[in-house]
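Q: need coordinates for the following:
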Amino acid sequence: MTHYLDALNPQQREAALHTEGPLLIVAGAGAGKTKTLSFRILHLIEQGVTPEEILAITFTNKAAKEMRERVRMILQKSGQRRHSWHERPFVSTFHALGVHIIKENAAELGYTKNFSIFDRNDSLRALKDALASLGLDPKQHEPAKILSKISREKGNGISLHKYEQSAAKSYGGKVLAQIWQKYEAALKEEGALDFDDLLLKTAYLLKNNASVREKYQNTWTYIHIDEYQDTNTVQYRIVSALATKHKNLCVVGDADQTIYTWRGADINNILTFEQDYPKTKVILLEQNYRSTQTILTAANDIIKKNTLRKEKVLFTKNEEGEKITLASVYDQNAEALYIADTAATLVARGVSPREIAVLYRVNFLSRTLEEAFLNADVPYQVLGVRFFERKEIKDIISYIRAAQNPASLSDVKRIINSPPRGIGKATLLKLFTGKEQDLPMPKRIQIEKFREILVNIREKAATLKPSELIKFVMKRSGIETTFKAENSEDSERLLNIQELVSLAIKYDTLPIPQGVEKMVEDAVLASDQDTLIKDENAVKLMTVHASKGLEFDNVFICGLEEGIFPSSSGRNTKTLVEFEEERRLFYVALTRARKKVFLTCASVRTIFGQRETQVPSEFISDINDSLLEQAAEGQQMSDRRIVYID
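A: Numbering: from 1, shown residues only. Coordinates of the predicted model:
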């Protein structure tokens, strides 16, 4: 009896029932892929598979959390209560999976279980130090660009050693190899790994250590990979290594939503899946549960022009819906006013601000939008202002990381003088170069007191729940006393730390010290979408990339002009994959909307200080005229008087 699958449509049900062998689920936007995966996991357990044999991997903490909650709820509803709390499917992100495998096999790689993880700022700091030691100008060799290059190489499965073998072919390659050497030395010295190492080292372990590989192949005999179109080379290798023995691999994805090739995502991973696994069962999920038919017809019009895809046509049983509104305005100021005023009108009609999103292709478009929303008195929230990147939050996390891994010099450097302890750069230099005995006694006493703080935190981490540990760190470090001073900025920082305490409560249910370790891990691996800790009742402003996986009743897509959306970089590329990515981006933007889409374009836009005449995006003309309506003249220019000054 499979009555527990009655909530699925025929295609979803077929996917849930196909449990043995490779399975490719081509799931269109809003087609219920998370629901399908969750019920497939339920069916496996109902058929006698133990939860611990099941692995499910996705790309963001938000998506992983949603899937875990879905699985928990349907297991409870079905009466699957015979398993204890730790007998659950392993649901996580790729990076969290890497952390798990590396921690269990840290000695094989020459690390301790408490290795540190460099976030982006840590990596940039290490690269700046590397440039300085090599006497290279950071203006000529930008750390952010260097980090991107190293990240791309690691994502392609290239280690420093392999890169060095090919670097001699060019001057630029030689220089990058030298910088990379210094960067790797800094990581090793601090007992740390960066984000890309979490995947690269995992792939290395699975490939080169037969016993480790066999252990995890036997642990997870049923594997699910969400958003498979976004996997890069090293993620592909991890999946292949884990699935090669049993081949019970279910991947879900949509080539039409491949929008991360610039991060190394390889669309061929999903397009050639059937060649990698010849006995693959392919199931299309084309019924959309999110959007109106008008929105889906427009999305189908857009994406059918692409060639690198698996053919499918989205449809829905939802209503036909309103036409898509197109507002052609004079410039970016008029565009921002139109969007803010229209959003204000929607809110006045009873629409919740959180059900409105404004999407843009490039970040610089957000400035005028923010000004317009402020003037219109419409609450807004910018996605991308990371909670975990605030100084006070990073300080607390660094205290915990330094306590667990004293070799993490980046964490020690960050907090040894926060709050101020009178330990300057000269003192730090002697400390980090092993010349502490040369310091005057008062400085040595200060350093010893700081070490006592870390020892106390390490001891408490072994006995306290995460939320209680953060409270202890606040007090023992002296941060709480410092922030209680009569200073509005410090008061706000204290409130942010108190919010971190609230956030940590969700980790209190995990065993000690696993809860603290998981909290620190999640903080370091947090993505843009994970920044919405407080989902404020406000209009969301974000890039199209950041909107992936989200949905709203009303969506504005702005800056629809040639050179902006599609971007000039996308147009000038030589590869078909990247060329078609702009169209995939617009497809993703359209399918974020449930009820209504607004498109805006400007005739004139100031870009990098230059006022330029703009041409409407070709995407607008790709949508059938019957689906579009022009914004009224008064709406396009806004009811306010605008004065243009050259």
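Q: can you tell me which helix in the chain is longest?
A: helix 441-461 (DSSP state H).
Q: buried set for that helix?
A: Buried residues in helix 441-461, counted by 16 or more other Cβ atoms under 10 Å: 443, 444, 446, 447, 450, 453, 454, 457, 458, 460, 461. The C-beta positions use only the backbone N, C-alpha and C, and glycine is treated the same way.
Q: assign a three-state SS to residue 605, would you?
A: strand (DSSP: H, G, I helix; E, B strand; the rest coil).
Q: contacting residues for it?
A: 331, 332, 559, 561, 564, 611, 612, 614 (Cβ atoms under 8 Å, 6 or more residues apart in numbering).
Q: hey, where'd the strands end up in the stretch 401-550 of the chain?
A: Ranges of strands within the stretch 401-550 of the chain are 539-543, based on DSSP state E, counting those that start in this stretch.
Q: pLDDT weak spots in the stretch 301-450 of the chain?
A: Along the stretch 301-450 of the chain, segments meeting pLDDT under 70 span 384-386.
Q: residue 479 contacts residue 392, correct?
A: Yes - counting by Cβ atoms under 8 Å, residue 479 touches residue 392, with 7.3 Å between them.
Q: quick check: neighbours shared by those two?
A: Jointly contacting residue 479 and residue 392 under the rule Cβ under 8 Å, 6+ apart are residue 497.
Q: show me which of those two is the more surrounded one.
A: Using other Cβ atoms under 10 Å, the more surrounded residue of residue 479 and residue 392 is residue 479, with 22 against 19.
Q: got a pLDDT number for that one?
A: We have a pLDDT of 90 for residue 479.
Q: do the one 3 residues further on as well
A: Note on residue 482: pLDDT of 85.
Q: report the secondary structure state of the residue nearest to residue 225 when sequence neighbours are not counted.
A: Once flanking residues are discounted, residue 225 sits nearest to residue 251: 4.6 Å by Cβ to Cβ, 6 or more residues apart in numbering. With three-state DSSP as the basis, residue 251 sits in strand.
Q: let me know how buried residue 251 is, in neighbour terms.
A: Residues near residue 251, counting by other Cβ under 10 Å: 25.
Q: where does the protein dip in pLDDT?
A: 1, 79-87, 168, 384-386, 485-492, 527-535, 569-574, 608-609, 633-646.
Q: residue 358: what's it in contact with?
A: 339, 343, 369, 539, 540, 541, 542, 555, 556, 558.
Q: reformat those residues as a markdown table; add neighbour count and distance to residue 147.
A: As requested, the contacts of residue 358 are exported to a markdown table (neighbours: other Cβ atoms under 10 Å; distance: Cβ to Cβ, whole Å):
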| residue | neighbour count | distance to residue 147 |
| --- | --- | --- |
| 339 | 27 | 34 |
| 343 | 26 | 36 |
| 369 | 25 | 29 |
| 539 | 30 | 32 |
| 540 | 23 | 28 |
| 541 | 25 | 26 |
| 542 | 23 | 23 |
| 555 | 28 | 32 |
| 556 | 28 | 33 |
| 558 | 28 | 30 |
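Q: among those residues, which one sits closest to residue 313?
A: residue 555 (21.2 Å; Cβ to Cβ).
Q: could the buried residues of helix 441-461 go into TSV alongside distance to residue 605?
A: Listed next are the buried residues of helix 441-461 as TSV, based on distance: Cβ to Cβ, whole Å:
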residue	distance to residue 605
443	56
444	60
446	55
447	55
450	52
453	53
454	52
457	51
458	54
460	55
461	52
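Q: for stretch 566-585, which positions count as buried?
A: Buried, per 16+ other Cβ under 10 Å, within stretch 566-585: 566-567, 570, 573, 577-585.
Q: contacting residues around the longest helix of the chain?
A: With Cβ under 8 Å, 6+ apart, helix 441-461 has contacts from 399-400, 402-404, 406, 416, 421-423, 427, 431, 436-437, 439, 469, 472-473, 476-477, 513, 516.
Q: can you list which of these are found in helices?
A: Counting by DSSP H, the contacts of helix 441-461 place 399-400, 402-404, 427, 431, 469, 472-473, 476-477, 516 in helices.
Q: make TSV out of those residues and add distance to residue 146.
A: Shown next, in TSV, are the ones in helices among the contacts of helix 441-461 (distance: Cβ to Cβ, whole Å):
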residue	distance to residue 146
399	29
400	29
402	26
403	31
404	29
427	30
431	27
469	36
472	38
473	33
476	37
477	33
516	33
